[in-house]
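In: Whatever this is, show me its structure:
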Amino acid sequence: MAVAALTAAVAAVITPTAASAVTTQQAVPLPSTTAADVVSAGNRVFVSGGRLSDQIVVAAANGDVLTTVSGLPGPTDLLLSADRQTLYVALPTANAIAALNTGTLTEFARYDTGAGECPKSLALTGRYLWFGYGCDQWGGNIGRIDLGRQPAVVTTGVVSHDYYDAPVLTAATQNRAVLLVGQPSLSPASAHVYAIGAGGVLTLQHGNEWSVLGSNLLDIALDPTGATVYTAAGAPYVVQAFPASAISTPSTTFATGPYPNAVELSRDGTRVAAGANAAYDPDVFVFTPDGTEQVRYELGAELVAGALAWSPNGARLYAVTADWQGNVPAALHVLTPPTA
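Out: Numbers count the residues shown, from 1 in each chain. Reported below is the predicted structural model:
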């Protein structure tokens, strides 16, 4: 179903130390009042509707809504394959993960993760599609789908450590040997770095020191090489960066104000996007890796936790807002930060 795009320009603030490049911002209403995640394949942008929805919104690179894909119960986390031809969709209410062709928008596979597993978070390292799952307290764990076998083989409970809730996962784009796992819903928060060995065996390498991540972890990221861990938690009021080899003392912090809820690195690792659940303050910030702020944006609505995505070429940054009461349509914000 195609929806006409209504856009609104909003001002962005460039810091004195930032490049003088022109930055623009527009907001496009979506045909849904809920949203969960956003990813960019370059020419198309995908926004999942969340657990109360059954659809994904498909937009053009400029934000214009093109169509929707329905029949996806409770779509939450989204993940693109390395060639951007496959979109993986976590379906926690269906205990499954769907695979869609990003060109034809057809679903060509659905992987059953088992009754009562509720997969919520996805990561990809070569042939292995990882998912963080968990429906009940202390029922969380990590699952693995071996896409290199036909039919694909699904394995759950691949680590001995149980998580309080479904863990959040991410992987490095240039390093298939590292998987970062974060524990939401607990205070203090925790994160673990796993090495991926032969056969997809996970070996715990590092964890965080007591309380250094803060509380209410909402999003995590890795730099392209897998050497640096980024965390966004409700407190402290900064996005933090840590060496993956020692999650003990932040190497860099990125000031967002209350309450950090998203972090995303550009594909080349030269810019860090950070988001916050700020009712009356800027919601999205762009930094260089050394913590220098380039630009900040006021979206005029609540940023969905984790809902930031760079375009593959880094020319655009996408953010999604939604009203927690569901009174107004969710919106896709198309931002063009400075390139320097």
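In: Is S187 in contact with Y164, as I believe?
Out: No. S187 lies out of contact with Y164 (CB atoms under 8 Å); the separation is 10.6 Å. All C-beta spots, glycine's among them, are computed from the backbone N, C-alpha and C.
In: Between the two, point out the one with more neighbours.
Out: Each of S187 and Y164 has its neighbours counted (other CB atoms under 10 Å); Y164 has more, 16 against 13.
In: Give me the phi and psi angles of the more buried one.
Out: Phi and psi for Y164, reported as degrees, to the nearest 10, are phi -60, psi -40.
In: got a list of what it touches?
Out: G134, Q137, W138, G140, Q183, S185, L186 (CB atoms under 8 Å, 6 or more residues apart in numbering).
In: can you rerun that using 10 Å?
Out: By CB atoms under 10 Å, 6 or more residues apart in numbering, the contact list for Y164 reads G134, D136, Q137, W138, G139, G140, Q183, P184, S185, L186, S190.
In: if I look at it, how far off is A301?
Out: Separation of Y164 from A301 (CB to CB, to the nearest Å) stands at 30 Å.
In: Likewise for S160?
Out: 42 Å.
In: Of these two, give the one with the bigger neighbour count.
Out: Remark: of S160 and A301, A301 carries more neighbours, 19 against 8, as counted by other CB under 10 Å.
In: Does the more buried one touch A330 like I think?
Out: Yes. Applying CB atoms under 10 Å, one finds A301 in contact with A330, separated by 8.6 Å.
In: and the gap between the residue most central in space within the chain and E298?
Out: Nearest to the mean C-alpha position of the chain, counting by CA atoms, centre = their mean, stands G306 at 4.6 Å. Taking CB to CB as the measure, G306 falls 19 Å from E298.
In: Next: L180.
Out: Applying CB to CB to L180 and E298 gives a distance of 30 Å.
In: quick one: which of the two has more around it?
Out: Per other CB under 10 Å, whichever of L180 and E298 has more neighbours is L180, with 25 against 16.
In: got a list of what the more buried one touches?
Out: L180 neighbours (CB under 10 Å, 6+ apart): 123, 167-172, 191-194, 206, 220-222, 226, 229-231, 244, 247.
In: The host helix or strand of it - which strands sit beside it in the sheet, and in what orientation?
Out: Element membership for L180 (DSSP states H and E) is strand 175-183. Sheet pairing for strand 175-183, assigned by DSSP bridges, gives strand 168-172 (antiparallel), strand 190-196 (antiparallel).
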